[in-house]
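Engineer: What would the 3D arrangement of this be:
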Amino acid sequence: MKLSLKHLTLPILVFLMMTLFFFFTARLEYTTAISENQQKAKDSLINTKSALESLLTAHIISAKGLISYVQNNPNLTQKDFEAFASGLYESSNSIIRNMGILKDTTLRLVYPVEGNEKAIGVDLSKVETQKNTVLAVKKTGKMMIVAPVDLVQGGKGIVARIPLYILDSQTHKPVYWGQMSVVFDYDVLLKDSGLLRLGETNYVDLFDSSNQTSSKTSIWSNKPQGVINGVSETIDLYQVNWTLTMSRKTGWNGLTITFWIIILSGIVTILGATYGLYMLLSSKDDLKSKVEERTHSLKTTNETLELNMGELEESQAELTEINTRLQNTVETLKETQKQLIVSEKLAALGELVAGVAHEINTPLGISVTLSSYIQRLLVNLKSRYNQHALSLQDIEEFLSGSNEAISLLNINLERASGLVNSFKQVAVDQSSEEKRQFFVKDALQDILKSIQPKFKRTDIQTLIICDPEIIIDSYPGVIAQIITNLALNSLLHGFGSRLDGQITVEFRVVGKTYELIYSDNGIGIQEEIKDKIFNPFFSTRKHAGSTGLGLHIIHNLVTQTLKGQIRMESTSGHGVQFLITFAE
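Structural biologist: Alright, predicted model coming up:
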């Protein structure tokens with residue numbers, strides 16, 4: 001067949017148009033695949049960012065609690081500092097390398113001391129690698145985080161510096177006193193946050209991007225050159241912004257199965273359509289069959305593409321459904337925990353009701369008996385009167401017996417009334433969290449009286465130390481819940497099988513702060529579980545049905561409702577003491 005320019009013009013035009021169509025289709029699939037890979041990488045990057053933020057933020061918040069103690073005790077000793085810093089240090093799982101208190105810019109206190117002896121007494125404003133941050137915190141009064149830092153005691157660390165202000169006794173205004181430094185172990189933090197694991201298959205760059213006008217300070221990087229076509233996330237840490245950037249070492253893979261299907265289909269379709277069109281124009285005889293053949297080929301290709309797109313949509317829908325189920329599970333767990341806490345409160349109130357009901361039963365039973373006895377005396381007196389046989393001796397016996405019975409009746413009714421009034425006030429307070437003014441000592445007496453039935457078969461004594469004139473505007477129901485839970489804990493855990501002991505509740509006003517001190521002389525709390533007692537669902541008696549929510553509820557009531565703090569001190573075998581501080 002002789003080639004004809006007339007027959008070649010249209011096939012060439014079709015060839016070019018179809019080539020452009022499949023080129024853009026393949027490019028769209030290629031860029032879409034890269035975007036999906038980048039989104040997956042971004043999810044991993046977000047997880048690493050969240051882990052890094054959570055690790056730093058959680059420990060910095062805990063360190064701020066230690067600052068409050070230093071502000072109230074600016075002259076504390078190294079021993080005192082170690083006592084409070086050790087708990088935070090031990091709970092950090094080696095992420096915190098050390099903590100220190102700077103008086104002005106000189107390191108005065110440090111924990112742990114071992115390995116950090118060189119740093120004590122060093123003026124950090126004269127240490128080249130740290131002076132800029134130390135002086136900036138002093139000047140601005142804002143917390144700063146800097147990394148990496150070459151430490152005086154050797155090695156690298158990530159340092160958070162928190163300004164420390166003390167209230168001036170003359171001007172009553174906060175003045176700069178010094179700083180607290182929290183040194184995080186550089187290698188442990190990067191490992192625990194997942195950054196090192198992320199860098200095994202990716203180029204990762206973590207740098208300080210807070211100052212937009214200067215060069216970026218690299219915190220950690222494994223990239224030989226600038227990350228190209230990467231994804232990034234910003235980490236917000238108080239006044240510091242870090243940027244985390246990532247790119248695959250092998251590059252973003254856009255060569256999917258669908259891409260090759262489009263390429264191969266495009267080649268086949270383009271060549272086939274071009275050749276077919278040429279043959280169609282060249283041969284009028286087989287025009288119809290050629291058109292049908294090429295149309296079927298295009299339809300098959302489109303069906304293949306639609307099938308692949310459908311599979312991608314189904315995968316996306318499955319991921320969305322899994323994420324929804326996970327969110328629903330988290331919400332269900334949160335709601336379950338709230339219901340358990342409410343059940344624990346209602347169970348404690350139920351025990352209180354049962355105890356008071358049992359205790360009231362005795363004086364009421366005696367009162368019923370005495371009432372019946374007085375009624376019999378009246379019946380006998382009336383009978384003697386109706387028979388005209390009433391004598392002076394009968395009247396004297398009636399007066400003597402009824403007087404004694406009425407006296408006993410009044411005593412028992414007053415006892416029952418006192419129990420009901422005490423229980424009524426405590427029960428009302430425990431069932432609500434309304435704020436009102438009340439006499440503290442009267443409230444404490446009502447609380448201990450309402451739970452006294454629980455101690456009926458023991459020789460455990462209760463002592464209240466409080467000025468009867470103290471009136472506060474607070475939440476009596478919350479205080480009742482706290483004292484009730486602590487007393488029942490003492491009975492169940494502190495005294496155990498012991499039938500004797502003493503519980504002391506002391507309340508005092510210190511400046512503008514209230515202090516509620518609860519203590520018993522029971523067996524105390526073992527050293528290895530001290531850090532866990534306020535954790536939800538932690539109990540040493542789960543085998544006996546304990547939920548482990550009692551002290552967790554107390555901690556929430558103190559910190560959330562009273563906006564205060566609770567501290568526990570105990571030595572195994574020598575009782576326990578809880579110090580609760582709060583204000584109106």
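
Engineer: so what pLDDT did residue 213 get?
Structural biologist: For residue 213, the model assigns a pLDDT of 50.

Engineer: swap that for residue 109, please
Structural biologist: 91.

Engineer: what's the answer for the one 10 residues further on, then?
Structural biologist: According to the per-residue confidence, residue 119 scores 84 in pLDDT.

Engineer: Next one: the closest residue in space to it that isn't next to it in sequence from residue 525, what distance?
Structural biologist: Nearest non-adjacent residue to residue 119, counting by CB to CB, 6 or more residues apart in numbering: residue 152, 4.5 Å away. The way it works is simple: take the backbone N, C-alpha and C, and place the C-beta from them, glycine included. Distance of residue 152 to residue 525, given as CB to CB, to the nearest Å: 38 Å.

Engineer: Neighbour count: the two, which is higher?
Structural biologist: Remark: of residue 152 and residue 525, residue 525 carries more neighbours, 20 against 15, as counted by other CB atoms under 10 Å.

Engineer: and the spatially closest residue to the more buried one that is not a sequence neighbour, what is it in contact with?
Structural biologist: Ranked by CB to CB, 6+ apart and with sequence neighbours excluded, the top spatial neighbour of residue 525 is residue 570, at 4.2 Å. The contact partners of residue 570, by CB atoms under 8 Å, 6 or more residues apart in numbering, come to 524, 525, 530, 576, 577.

Engineer: Repeat that for residue 11.
Structural biologist: Residues near residue 11 by CB under 8 Å, 6+ apart: 274, 275, 277, 278, 281.

Engineer: Ramachandran angles for it?
Structural biologist: Phi and psi for residue 11, reported as degrees, to the nearest 10, are phi -60, psi -40.

Engineer: measure it to residue 163 for me?
Structural biologist: 78 Å.

Engineer: next one: residue 188
Structural biologist: For residue 188, the distance to residue 163 - CB to CB - is 26 Å.

Engineer: of the two, who's got more company?
Structural biologist: Higher neighbour count among residue 188 and residue 163: residue 163, with 20 against 17, using other CB under 10 Å.

Engineer: Determine the set of other helices and strands touching the one helix or strand the more buried one maps to.
Structural biologist: Remark: residue 163 resides in strand 156-167, with elements defined by DSSP states H and E. When contacts are defined as 3 or more CB pairs under 8 Å, 6 or more residues apart in numbering; DSSP states H and E, strand 156-167 sits against helix 5-72, strand 96-103, helix 131-140, strand 144-150, strand 174-185, helix 186-192.

Engineer: and with 6 Å instead?
Structural biologist: helix 131-140, strand 144-150, strand 174-185, helix 186-192 (3 or more CB pairs under 6 Å, 6 or more residues apart in numbering; DSSP states H and E).

Engineer: now the closest residue to residue 93 other than its chain neighbours: how far from residue 201?
Structural biologist: Residue nearest to residue 93 in three dimensions, not counting chain neighbours: residue 192, with 7.4 Å by CB to CB, 6+ apart. Look at residue 192 and residue 201: by CB to CB, they are 19 Å apart.

Engineer: ok, residue 499 - contacts?
Structural biologist: By CB atoms under 6 Å, 6 or more residues apart in numbering, the contact set of residue 499 is 458, 459.

Engineer: Three-state assignment for residue 241, please.
Structural biologist: strand (DSSP: H, G, I helix; E, B strand; the rest coil).

Engineer: how much space between the closest residue to it other than its chain neighbours and residue 146?
Structural biologist: Counting by CB to CB, 6+ apart, residue 241 lies nearest to residue 210, which is 4.8 Å off, once chain neighbours are set aside. As judged by CB to CB, residue 210 and residue 146 stand 10 Å apart.

Engineer: Same check on residue 455?
Structural biologist: 57 Å.

Engineer: Residue 458 too?
Structural biologist: 58 Å.

Engineer: who has more neighbours, the two?
Structural biologist: Taking other CB under 10 Å, residue 458 and residue 146 do not tie; residue 146 has more neighbours (22 against 13).

Engineer: tell me the pLDDT at the residue lying closest to that one once chain neighbours are set aside?
Structural biologist: Excluding the flanking residues, the one nearest residue 146 by CB to CB, 6+ apart is residue 133, at 4.6 Å. With respect to pLDDT, residue 133 scores 87.

Engineer: contacting residues for residue 133?
Structural biologist: Contacts of residue 133 by CB under 6 Å, 6+ apart are 144, 146, 161.

Engineer: Specify which member of these is nearest to residue 43.
Structural biologist: residue 146 (28.9 Å; CB to CB).

Engineer: That closest one and residue 159 touch, don't they?
Structural biologist: Yes. Counting by CB atoms under 6 Å, residue 146 does reach residue 159; the two are 5.5 Å apart.

Engineer: Tell me the secondary structure at the residue nearest to residue 241.
Structural biologist: Residue 210 - assigned by three-state DSSP - is coil.

Engineer: Distance of the closest residue to residue 277 other than its chain neighbours relative to residue 521?
Structural biologist: Nearest residue to residue 277, sequence neighbours excluded (CB to CB, 6+ apart): residue 11, at 4.6 Å. Relative to residue 521, residue 11 is positioned 103 Å away (CB to CB).

Engineer: Flag the helix or strand of the protein with the lowest per-element mean pLDDT.
Structural biologist: helix 392-431 (a mean of 66; mean pLDDT, DSSP states H and E).

Engineer: With only the CA atoms kept, save whichever helix or strand comes after that helix in CSV.
Structural biologist: From helix 392-431 onward toward the C-terminus, using DSSP H and E, the following helix or strand is strand 436-439. Output in CSV follows, covering the C-alpha atoms of strand 436-439 (Å, rounded to 0.1, in the frame of the first residue of the first chain):
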residue,chain,number,x,y,z
ARG,A,436,-21.3,28.6,100.4
GLN,A,437,-20.0,30.0,103.7
PHE,A,438,-19.8,27.6,106.6
PHE,A,439,-18.0,27.1,110.0
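
Engineer: How about residues contacting strand 436-439?
Structural biologist: 471, 473, 476.

Engineer: any idea how far it is from the chain center?
Structural biologist: 32 Å (CA atoms, centre = their mean, to the nearest Å).

Engineer: So what are the sheet partners of that strand and their directions?
Structural biologist: Each strand paired with strand 436-439, and its direction, by DSSP bridges: strand 471-474 (antiparallel).

Engineer: In the contacts of residue 570, find the pair that's most separated.
Structural biologist: Of all pairs drawn from these, the greatest distance, 12.5 Å, lies between 530 and 577 (CB to CB).

Engineer: Among the contacts of residue 11, which one sits closest to residue 559?
Structural biologist: Nearest member of the contacts of residue 11 to residue 559, counting by CB to CB, is residue 274, at 77.2 Å.

Engineer: Wait, that closest one touches residue 17, no?
Structural biologist: No. With contact defined as CB under 6 Å, residue 274 does not reach residue 17; the gap is 10.3 Å.

Engineer: More neighbours: these two, which one.
Structural biologist: residue 274 (21 against 12).

Engineer: doesn't that one fall inside a helix?
Structural biologist: Yes. Assigned with three-state DSSP, residue 274 falls within a helix.

Engineer: Quick check: the gap between it and residue 21.
Structural biologist: 13 Å.

Engineer: now swap in residue 536 and tell me
Structural biologist: On the measure of CB to CB, residue 536 and residue 21 end up 62 Å apart.

Engineer: Then residue 130?
Structural biologist: 62 Å.

Engineer: Those two - which one has more neighbours?
Structural biologist: Ranked by neighbour count (other CB under 10 Å), residue 130 and residue 21 place residue 130 first, with 21 against 13.

Engineer: so the more buried one sits right up against residue 124, yeah?
Structural biologist: Yes. Between residue 130 and residue 124 there is a contact at 4.8 Å, judged by CB under 6 Å.
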